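A.B. asks: Pasted the sequence and its predicted model underneath.
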Amino acid sequence: MPSSPALVQIHHLKKSFDGRSLLQISEREVQRGQAYVLTGMNGVGKSVFLRILAGLEQPDHCRLQFGGEMHDLRHFPRVLRENIVYVHQHPVMLRMTVAQNIAYGLRLRGVKADEIRTRVDAAMQWAGVQHLQARLPQGLSGGEKQRIALARAKIVGAPLLLLDEPTANLDGQAREQVLALIPDLIASTQAVVMACHDRDLIHLPGVVHWKLRDGDIEVRSEGK
Ligand SMILES: Nc1ncnc2c1ncn2[C@@H]1O[C@H](COP(=O)(O)OP(=O)(O)O)[C@@H](O)[C@H]1O
Ligand SMILES: [Mg+2]
């Protein structure tokens, strides 16, 4: 039986800054039902890689196959914006309440108000932020903001989630609370790619370990 087609196939991703090559990745696939951790030294290009996949950074070259269609990521197509969600290490929050921030993606997608309310309630409960729902996020802690960002990403149900160092700069209970959400996020999303250094994330069962080095991704271990 042929293996199921990949969710995403990346072809010939190239990115340079100021004439210096940062990324040169010939072929990589993201499989459905698979999570990946992307490690590599600081400055190696992990964030740039994820941001190119999310349309937040323009590559010099990159073709991406998604849903049976080939796209040129230099001109990021709208269909991919709805299907690929990037969560920043320091999540950017809008100046509206926590509940409205989490609802925002559903409002953009034209979901009905009562359905939004139900789904936002469930997402806030999942992330443990219900008590913050009427607050503005600007004064909240890094861990609270990261949990809100994960709820905001989960609620839209995009097939590909890109998490950029979700536990960096967090320690103690704040880190534990974010860590506790990740396995469930993986289980409820078609594919997740996480840039991270966090050993607890790297060693999650079933996660493929990618290492970015000299501009290319090597597979360090297959998910078991
Ligand atoms: N807009 C930019 N202009 C010039 N260089 C950049 C820009 N964005 C990122 N870089 C460089 O690209 C390299 C990779 O950055 P980044 O992807 O943030 O690394 P990582 O996430 O692996 O720590 C860094 O050396 C950074 O300085
Ligand atoms: Mg980074």
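C.D. replies: Now that the structure is in, tell me what you want to look at. Ligands and ions are numbered 1, 2, ... in the order given.
A.B. asks: Residues of the protein that sit close to ligand 2?
C.D. replies: Taking C-beta under 5 Å from the ion as the criterion, the neighbours of ligand 2 within the chain are 46-47. Heads up, the C-betas are built off the backbone N, CA and C, glycines and all.
A.B. asks: what bridges to the spatially most central residue of the chain?
C.D. replies: Residue closest to the mean C-alpha point of the chain, counted by C-alpha atoms, centre = their mean, is L162 at 1.6 Å. Each beta-bridge partner of L162 is listed here: Y86, V193, as defined by DSSP bridges.
A.B. asks: if I pick it, what's in contact with it?
C.D. replies: With contact taken as C-beta atoms under 8 Å, 6 or more residues apart in numbering, L162 is in contact with 50, 53-54, 84-87, 192-194.
A.B. asks: The same query, at a cut-off of 7 Å, please.
C.D. replies: With contact set as C-beta atoms under 7 Å, 6 or more residues apart in numbering, L162 has these partners: 50, 53-54, 84-87, 193.
A.B. asks: before we move on, what about A54?
C.D. replies: For A54, the set of contacting residues under the criterion of C-beta under 7 Å, 6+ apart consists of 84, 86, 162.
A.B. asks: picking up where we left off before, generate TSV for the contacts of L162, with pLDDT as supplementary columns.
C.D. replies: Output for the contacts of L162, formatted as TSV (pLDDT from 0 to 100):
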residue	pLDDT
L50	98
L53	98
A54	97
I84	97
V85	96
Y86	97
V87	97
V193	98
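A.B. asks: Farthest pair within those?
C.D. replies: Largest separation among the contacts of L162 by C-beta to C-beta: L53 and V87, giving 12.5 Å.
A.B. asks: who has more neighbours, the two?
C.D. replies: More neighbours sit around L53 than around the other of L53 and V87, counting by other C-beta atoms under 10 Å; the figures are 25 against 22.
A.B. asks: Go ahead and confirm the more buried one touches I84.
C.D. replies: Yes - using C-beta atoms under 7 Å, L53 and I84 qualify as a contacting pair, with a distance of 6.1 Å.
A.B. asks: What ranges in the protein fall below the confidence cut-off?
C.D. replies: In the predicted model, the chain carries pLDDT under 70 at residues 1-4, 224.
A.B. asks: Spell out the residue ranges of the helices in it.
C.D. replies: In the chain, the segments counted as helices under DSSP state H are 46-53, 78-83, 98-108, 113-127, 142-155, 172-187, 199-202.
A.B. asks: how many degrees apart are the third one and helix 113-127 in direction?
C.D. replies: Think helix 98-108. 130 degrees (axes from the mean of the first three to the mean of the last three C-alpha atoms, to 10 degrees).
A.B. asks: can you offset everything so residue one is 30?
C.D. replies: Fine by me, first position is 30 from now on; the one you just mentioned is helix 127-137.
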